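J.: Fold the stuff below for me.
(chains A, B and C)
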Amino acid sequence: MLTSMPLITLLTDFGTRDSYVGEVKGTLLRLAPDATLVDISHDITPGDAGAGAYILSRIWHRFPAGTLHLVVVDPGVGSARAALAGQAAGHWFVGPDNGVLTPLLRHGEVVLVELPTPPDAAPTFHARDLFAPAAASLIQGAELTSLGPRLARAPTLLSTATPHYEAKSLVGEVIYVDHFGNLISNIAEEKIRNHATVEVEGMDLGPVRRTFGDVATGALLAYVGSGGTLEIAVRDGSASRRLGIGTGGRVRVWLG
Amino acid sequence: MLTSMPLITLLTDFGTRDSYVGEVKGTLLRLAPDATLVDISHDITPGDAGAGAYILSRIWHRFPAGTLHLVVVDPGVGSARAALAGQAAGHWFVGPDNGVLTPLLRHGEVVLVELPTPPDAAPTFHARDLFAPAAASLIQGAELTSLGPRLARAPTLLSTATPHYEAKSLVGEVIYVDHFGNLISNIAEEKIRNHATVEVEGMDLGPVRRTFGDVATGALLAYVGSGGTLEIAVRDGSASRRLGIGTGGRVRVWLG
Amino acid sequence: MLTSMPLITLLTDFGTRDSYVGEVKGTLLRLAPDATLVDISHDITPGDAGAGAYILSRIWHRFPAGTLHLVVVDPGVGSARAALAGQAAGHWFVGPDNGVLTPLLRHGEVVLVELPTPPDAAPTFHARDLFAPAAASLIQGAELTSLGPRLARAPTLLSTATPHYEAKSLVGEVIYVDHFGNLISNIAEEKIRNHATVEVEGMDLGPVRRTFGDVATGALLAYVGSGGTLEIAVRDGSASRRLGIGTGGRVRVWLG
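T.: As a prediction, this is how the structure comes out:
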């Protein structure tokens, strides 16, 4: 049996117009020629660690154990924020200590080291000069603890808004808007009872549906999305544009 | 001789900002670790099965036989539309039965099965929970007919507008506008005689040219494009913006 | 030890919506099944050979020797401009003779051949019909000189603006604006003395900083960027939007 090639996923806010993604890919493939690189996204809103963490939370566990996730949304690059490498649930990861790694850091037992900054690293491009070399070492079998000292304190975690109950309703909020304009809330599937109805910013959306085709073209609907939480969409349209709602928008489920 | 790695091409309207492409890639690589993934595009206009079919028509036959094409432009996801897997001309494909697969379905003898929906599939994300697992099975050698029953009826095909003759001219239309703003028509190269001249929305473009450099910068031209049909462009500019014309715009060739 | 797979990087202005990138990838993988393809960018401004050359200058040397760089920003496609294949510093490259290859052509001893146009090549798509087949041949071991005759004249090189001294200052210009809105100048790190201060379009930016975190959120700063030249940025913002400055904008360093 062939051993399949080690996987490195790439999740950044570098955009796709510039040289940054290419410089990181070249560095990885120069140092770890057998790695297979997988683009997740380079279109995270610049500096939005929360959006990066949300995307990471949805993708990492889809990959096989042994995958390394290189996650760089790093507005504090070159400052005192720590650079991390770690392992959780059989997956490896490297990235800045600003919360973007929260989904992996919250996942059970985590081994975490602080990566020293190489003396010749560009202060504004640690993805290329610090994180990529660390990723290449790990994917080629280096011990995590050979890369740096254990992190001496708790890593930075992003706090997630938690829905709360108000009388017979559960009130949550929009935590991500996708490129279709679908509004993804923080209300988990298991909190929604049969016969629940949904209200967004005061507008009644009726019962929770199964999929887009359950309503007419152009109609609003609420349904449990593929990430396991309640979402709001317009069939064949954009709920975000229709409702003028983005991240933080209020979503209420009447538990019926 | 090494057997090269099995190829899976990815053509979707998922955009590149969200987690959807990454979730599909992770699922494919978890289930078929030796597959090589090839991004074709994730920037099809959301829900535009016609644009997806046009892109597919241009790319599939460029790949080696044995390639699997995962094509998901699927506004009817989770509804009664069938999910298909098939083989045509030595290529494999999976995708929804909404016409987006037309170029492969029209290609000679096609073996086609209907994929059952796994009970735990998210109703809004069949790419991840239904099409990717089917693709992984096929690329690893599963029999097509082991994945589901033969499709009991004809698959959905997109009808293509056909140019028609009017006196000494052939009248077609714009079927795709590319990101340069070039207008791609449905008038095939072999229908165009020597000395033909071209008219678009009533404007005379003169004779059919060979390439952009045959006219001055900023000038309009008609030429046979790389897809084998007549195209309209502005040298170093956008014909779509200049003429205010998009899909459906009328193109006339005076056969001379 | 496994020989790692030959790498082909892809740098174009084809965008990611259309079939062009996919047609090139299919052609490469059909003709060179063992190649590993690496997307650098397909989002170069259409026809901007200068921007393509800048990106190429930053990425090529990050890749291991033996990598082939397919670089197609080619507004003159199908005209009399030559098509080139060459080797420099252990790297292979193919692309049009319009200056986009300048960073490799300037790199020491270069072996350069002119690629003949295959008779059936689409005049508007040499990337697919001329450059990709040449790249596939080279990556599979063909001799460079078997692909075409030596270029009988000097290749086209883009001239780069050089900073000049004015009294106690060095005056350069913005040569690239990245997607964060950072302004990248042509003033090399080694020209900047300690205690230098920076002025852009008449506005004083103070001393050269190390990284974004050295100023307050929303403040302008000048620093030596990861490409080794002076850059202007707004912390957590866009200097290009803030200052209304793009390529060609004037940057002055007071040498102090």
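
J.: residues touching the residue of the stretch 51-200 of chain A found nearest chain B, list them.
T.: Nearest to chain B in the stretch 51-200 of chain A, going by Cβ to the nearest Cβ, is A:Arg62, at a distance of 2.8 Å. Heads up, the C-betas are built off the backbone N, CA and C, glycines and all. Neighbour list for A:Arg62: B:Gly22, B:Glu23, B:Lys25, B:Gly26, B:Thr27, B:Arg30, B:Arg128 [criterion: Cβ atoms under 8 Å, 6 or more residues apart in numbering or on different chains].

J.: Can you tell me the closest non-neighbouring residue to it?
T.: B:Gly26 (2.8 Å; Cβ to Cβ, 6 or more residues apart in numbering or on different chains).

J.: which element is the one you found on?
T.: helix B:20-31 (DSSP states H and E).

J.: which strands and helices sit next to that helix?
T.: Packed against helix B:20-31 by the contact rule (3 or more Cβ pairs under 8 Å, 6 or more residues apart in numbering or on different chains; DSSP states H and E) you find strand A:7-12, strand A:36-41, helix A:49-59, strand B:7-12, strand B:36-41, strand B:68-72, helix B:132-139.

J.: so can I have JSON lines of those showing distance to chain C and mean neighbour count?
T.: Shown next, in JSON lines, are the helices and strands packed on helix B:20-31 (distance: least, Cβ to the nearest Cβ, whole Å; neighbours: other Cβ atoms under 10 Å in any protein chain shown):
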{"stretch": "strand A:7-12", "distance to chain C": "11", "mean neighbour count": "25"}
{"stretch": "strand A:36-41", "distance to chain C": "7", "mean neighbour count": "23"}
{"stretch": "helix A:49-59", "distance to chain C": "12", "mean neighbour count": "24"}
{"stretch": "strand B:7-12", "distance to chain C": "6", "mean neighbour count": "25"}
{"stretch": "strand B:36-41", "distance to chain C": "4", "mean neighbour count": "23"}
{"stretch": "strand B:68-72", "distance to chain C": "10", "mean neighbour count": "26"}
{"stretch": "helix B:132-139", "distance to chain C": "14", "mean neighbour count": "24"}
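
J.: Tabulate those (JSON lines), appending mean pLDDT.
T.: Below are those laid out as JSON lines (pLDDT from 0 to 100):
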{"stretch": "strand A:7-12", "mean pLDDT": "98"}
{"stretch": "strand A:36-41", "mean pLDDT": "98"}
{"stretch": "helix A:49-59", "mean pLDDT": "97"}
{"stretch": "strand B:7-12", "mean pLDDT": "98"}
{"stretch": "strand B:36-41", "mean pLDDT": "98"}
{"stretch": "strand B:68-72", "mean pLDDT": "98"}
{"stretch": "helix B:132-139", "mean pLDDT": "98"}
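
J.: picking up where we left off before, quick one, the helix holding B:Gly26 and strand B:7-12 angle?
T.: 160 degrees (axes from the mean of the first three to the mean of the last three Cα atoms, to 10 degrees).

J.: Give me the mean pLDDT for helix B:20-31.
T.: What helix B:20-31 shows for mean pLDDT is 98.

J.: residues contacting the spatially closest residue to A:Gly90 that is not a sequence neighbour?
T.: Nearest residue to A:Gly90, sequence neighbours excluded (Cβ to Cβ, 6+ apart): A:Ala65, at 3.5 Å. Each residue near A:Ala65 by Cβ under 8 Å, 6+ apart is listed here: A:Ala89, A:Gly90, A:His91.

J.: give me that answer again for 10 Å
T.: Residues counted as contacts of A:Ala65 (Cβ atoms under 10 Å, 6 or more residues apart in numbering or on different chains) are A:Ala89, A:Gly90, A:His91, A:Trp92, B:Arg30.

J.: Would you mind confirming that the last one makes contact with A:Ile59?
T.: To tie it back to what came earlier, the one meant is B:Arg30. No. Judged on Cβ atoms under 10 Å, B:Arg30 makes no contact with A:Ile59 at a distance of 11.2 Å.

J.: Quick check: neighbours shared by the two?
T.: Contacts common to B:Arg30 and A:Ile59, judged by Cβ under 10 Å, 6+ apart, are A:Thr67.

J.: longest single strand anywhere in chain A?
T.: Taking DSSP state E as the criterion, chain A has its longest strand at strand A:169-177.

J.: which parts of it are buried?
T.: The neighbour-count check on strand A:169-177 (16 or more other Cβ atoms under 10 Å in any protein chain shown) flags A:Ser169, A:Leu170, A:Gly172, A:Glu173, A:Val174, A:Ile175, A:Tyr176, A:Val177 as buried.

J.: The residue nearest to the last one when sequence neighbours are not counted: neighbouring residues, count only.
T.: This means A:Val177. For A:Val177, ignoring the flanking residues on the chain, the nearest one in space by Cβ to Cβ, 6+ apart is A:Ser240 at 4.9 Å. Using other Cβ atoms under 10 Å in any protein chain shown, A:Ser240 has 22 other residues around it.

J.: what's A:Ser240 in contact with, if anything?
T.: Counting by Cβ under 10 Å, 6+ apart, A:Ser240 makes contact with A:174, A:177-183, A:232-234, A:246-247, A:249.

J.: A strand includes A:Ile245, no?
T.: No. Counting by DSSP: H, G, I helix; E, B strand; the rest coil, A:Ile245 is located in no strand; its state is coil.

J.: gap between it and chain C?
T.: Between A:Ile245 and chain C the distance is 24 Å, computed by Cβ to the nearest Cβ, to the nearest Å.

J.: Give me the distance between that residue and A:Val200.
T.: 7 Å (Cβ to Cβ, to the nearest Å).

J.: Could you pull out the residues contacting both of those two?
T.: A:Val174, A:Leu183, A:Ile232, A:Ala239, A:Val251.

J.: circling back to that earlier point, distance of the residue nearest to A:Gly90 from chain C?
T.: A:Ala65 sits 22 Å away from chain C, going by Cβ to the nearest Cβ.
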